[in-house]
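J.: following is a predicted model, sequence given first.
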Amino acid sequence: MRAIILAAGRGSRLGHLAEGRPKCLVEFEGRPLIERQIAALRRGGADEIAVVRGYRAEQIDYRGLTFFANERWAETNMVMSLAAAAAWLRAGPAIVSYGDIFYRADLVRGLAAAPGPLVITYDKVWRDLWSRRFADPLTDAETFRIDAAGRLLEIGGKTNRIDEIEGQYMGLLKFTPEAWSVVEALLAALDARVRDRLDMTGLLRRLLDAGSLPIGTYATAGQWGEIDNPEDVTLYEEMIREGALGIEEL
């Protein structure tokens with residue numbers, strides 16, 4: 001199994017923590033985020049790992065990795081970073097990870113084994129974390145609904161109703177070549193300006209609207225996090241001390 005880390009972004013909302021370096025190099029519990037991702041992916045079964053670089057690309061330099069470049073990182077969103085790794089996505093199944101999250105190896109193993117051409121992970125106990133990250137969880141949470149078979153029905157919308165949210169998408173997903181071919185056809189039909197602005201949830205919503213590709217889901221119950229601002233780092237470190245969050249040793 002191959003894995004691709006999307007790490008082209010700058011992370012300006014992290015302020016001083018990401019000043020002068022890519023977001024994936026922000027330290028969490030003494031190690032850069034990307035090192036935790038690489039370790040979890042390898043322990044989870046990835047035997048080849050690629051990183052899509054952009055901002056300050058030269059700073060992401062680890063042995064044994066393959067590198068792709070999103071030269072237009074400042075003008076494009078995450079889907080265009082993903083497209084930079086199209087050669088791998090066409091060749092075989094690949095786990096795709098955002099560069100600003102951390103997770104455990106068992107989640108990677110479960111996702112890799114989950115059936116379906118495109119599968120995304122989600123946190124089914126999301127309210128526990130969102131209630132600690134935000135005064136009102138609904139200010140940031142997005143709609144997420146699945147059917148009885150676990151297929152995605154809705155994602156990425158705004159709502160003021162908790163019952164429309166069955167989980168929160170985590171930024172870790174699996175593509176097969178079958179799924180990527182559908183994505184490439186969809187992207188080719190879009191205006192270049194729309195394509196450049198497209199984020200991953202926007203892509204998933206367009207795939208749902210097209211109805212040409214079932215999107216499977218794989219659930220976890222906490223034990224992960226996304227780091228979007230300095231307060232997130234402080235919160236996760238508090239949760240570790242409290243025993244509410246466990247991270248794997250590197």
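T.: In hand now; what should we look at? Residues are numbered from 1 along each chain as shown.
J.: for the most centrally placed residue in the chain, give its distance to residue 161.
T.: For the chain, the residue lying nearest the average C-alpha position, counting by CA atoms, centre = their mean, turns out to be residue 171 (2.0 Å). Look at residue 171 and residue 161: by CB to CB, to the nearest Å, they are 24 Å apart. For the C-beta atoms, the positions are set from N, CA and C on the backbone; glycine is no exception.
J.: try residue 136
T.: Remark: distance between residue 136 and residue 161 (CB to CB) = 13 Å.
J.: same check, this time on residue 170
T.: 21 Å.
J.: do the same with residue 49
T.: Distance from residue 49 to residue 161, by CB to CB: 39 Å.
J.: between those two, which one's more packed in?
T.: For residue 49 and residue 161, the more surrounded residue by other CB atoms under 10 Å is residue 49, and the numbers stand at 22 against 8.
J.: least confident secondary structure element in the chain?
T.: strand 27-28 (a mean of 91; mean pLDDT, DSSP states H and E).
J.: for the strand ranked longest in the chain, packing partners?
T.: Looking across the chain with DSSP state E, the single longest strand is strand 168-175. Under the contact criterion of 3 or more CB pairs under 8 Å, 6 or more residues apart in numbering; DSSP states H and E, strand 168-175 touches strand 94-98, strand 101-102, helix 105-113, strand 118-123, helix 200-210.
J.: so which elements touch the third one?
T.: Helices and strands touching helix 105-113, as assessed by 3+ CB pairs under 8 Å, 6+ apart, comprise helix 33-43, strand 94-98, strand 118-123, strand 168-175, strand 216-220.
J.: hmm, back to that, the least confident helix or strand of the chain pairs with which strands, and in what direction?
T.: Each strand paired with strand 27-28, and its direction, by DSSP bridges: strand 31-32 (antiparallel).
J.: who's in contact with the partner strand?
T.: Strand 31-32 is contacted by residues 24-26, 250 when judged by CB atoms under 8 Å, 6 or more residues apart in numbering.
J.: same deal with stretch 188-199?
T.: Against stretch 188-199 from outside (CB under 8 Å, 6+ apart): 72, 75-80, 187, 206.
J.: can I get that stretch in CSV? Just the C-alpha atoms.
T.: C-alpha atoms of stretch 188-199 as CSV (Å, rounded to 0.1, in the frame of the first residue of the first chain):
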residue,chain,number,x,y,z
ALA,A,188,-11.3,18.0,-16.5
ALA,A,189,-14.9,19.2,-16.9
LEU,A,190,-14.5,22.1,-14.4
ASP,A,191,-13.5,25.6,-15.2
ALA,A,192,-9.8,26.1,-14.2
ARG,A,193,-10.7,28.8,-11.6
VAL,A,194,-13.2,26.5,-10.0
ARG,A,195,-10.8,23.6,-10.1
ASP,A,196,-8.0,25.6,-8.4
ARG,A,197,-10.3,26.6,-5.5
LEU,A,198,-11.7,23.2,-4.9
ASP,A,199,-11.1,21.7,-1.5
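J.: any buried residues in that stretch, and which?
T.: Buried residues in stretch 188-199, counted by 16 or more other CB atoms under 10 Å: 195, 198.
J.: same check, this time on stretch 46-63
T.: Going by 16+ other CB under 10 Å, stretch 46-63 has these buried residues: 46, 48-55, 57, 60.
J.: quick check, nearest of these to residue 66?
T.: residue 50 (4.0 Å; CB to CB).
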